[in-house]
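Asker: Generate coordinates for the sequence data below:
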Amino acid sequence: MTVSRFRVDAMDCTAEEQLVRMRLGELTGIEQVAVDLDARQVAVQHRIETDAVDAALQSLDLGTTHLGDGGELDAVADSGRERPALVFALVVNALFFVGELTAGLVSRSMGLVADALDMGADAAVYALSLLAVGTSTVRKNRLARTSGYLQFGLAVVGLGEVVRRFVSDDALPEVGPMIVVSLLALAGNVATLVVLRRVRSSEAHFQASWIFTANDIKVNALVIFAAIVVAFTDSSAPDLIAGAIIFTIVANGARRILKLAN
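Answerer: Okay, here's the model as predicted:
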């Protein structure tokens, strides 16, 4: 039995952690996987060639580096506790997908609409993680492929709308809903991170440095910052720029899901 350790540079949120776990879960001979999001490291206990584990992680295009082999892993995570945590994360992200999308359309904020799509993308990853247990690989890949194409298509449509508004629509978004809804979404993301963290740590402590490296929280902060700039400049450009950035992030996430499914 070998324990191999990897650094995954682009794994900075729980949704990407799930992608890593799903990819490794497809390999026969993987005994245990431990993820340290703070350090962006993955430790894998396995009975197969390390090159096969490395190749699986490299296929996700998350910037994986093999750090070495050896040592032992901590106690195996309690899968019975992980499932309710994943269900909680799925429900929170799905609810905010609907809420932010509605608020974004009503307030004319492309930042909120894009953030809603980002939450929807995360909800899809959590749903796929839940389906990974007891579901055939063919069905799981089909669902992942459908989700990836849908997310990518919506991101492209969103980017097109951003361009249209830059060119021909200078109506300002409503700043108040942008800030309030983004703060609520940020609270939802923090709650999700805490719940997922507690499943894997008996200490259940909360490290601020870890929180502020999470992509979802950065996205929420970006929308809030854009709203403030909109208020000071009387220009819709900050909201459109935030929307374009987030839609690009969603499109890149969809690309990774499609890699996972193929």
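Asker: buried residues in stretch 46-58?
Answerer: Buried residues in stretch 46-58, defined by neighbour count with 16 or more other CB atoms under 10 Å: 46, 48, 50, 53, 54, 56, 57, 58. C-betas here are computed from N, CA, C, even on glycine.
Asker: Output these in a markdown table, with distance to residue 160 and secondary structure appended to each entry.
Answerer: As requested, the buried residues of stretch 46-58 are exported to a markdown table (distance: CB to CB, whole Å; DSSP: H, G, I helix; E, B strand; the rest coil):
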| residue | distance to residue 160 | secondary structure |
| --- | --- | --- |
| 46 | 44 | strand |
| 48 | 44 | coil |
| 50 | 44 | helix |
| 53 | 40 | helix |
| 54 | 38 | helix |
| 56 | 35 | helix |
| 57 | 33 | helix |
| 58 | 32 | helix |
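Asker: ok, so of those residues, who is nearest residue 181?
Answerer: Checking the buried residues of stretch 46-58 against residue 181 by CB to CB gives residue 57 as the nearest, at 35.5 Å.
Asker: Apart from its chain neighbours, what residue comes closest to that closest one?
Answerer: If the residues on either side of it in the chain are set aside, residue 57 comes closest to residue 64, at 4.2 Å by CB to CB, 6 or more residues apart in numbering.
Asker: And for residue 172?
Answerer: Leaving aside its chain neighbours, residue 172 sits nearest to residue 236 (5.3 Å; criterion: CB to CB, 6+ apart).
Asker: Contacts only, for the one you found.
Answerer: Counting by CB atoms under 8 Å, 6 or more residues apart in numbering, residue 236 touches 165, 169, 170, 171, 172, 173, 230.
Asker: which of the residues you listed sit farthest apart?
Answerer: By the measure CB to CB, 169 and 230 form the most distant pair in the contacts of residue 236, at 14.2 Å.
Asker: Switch the contacts of residue 236 over to a markdown table, and while doing so, append neighbour count and secondary structure to every line.
Answerer: Listed next are those as a markdown table, based on neighbours: other CB atoms under 10 Å; DSSP: H, G, I helix; E, B strand; the rest coil:
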| residue | neighbour count | secondary structure |
| --- | --- | --- |
| 165 | 19 | helix |
| 169 | 11 | coil |
| 170 | 12 | coil |
| 171 | 7 | coil |
| 172 | 15 | coil |
| 173 | 24 | coil |
| 230 | 23 | helix |
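Asker: okay, now residue 104: neighbour count?
Answerer: Look at residue 104: counted by other CB atoms under 10 Å, it has 25 neighbours.
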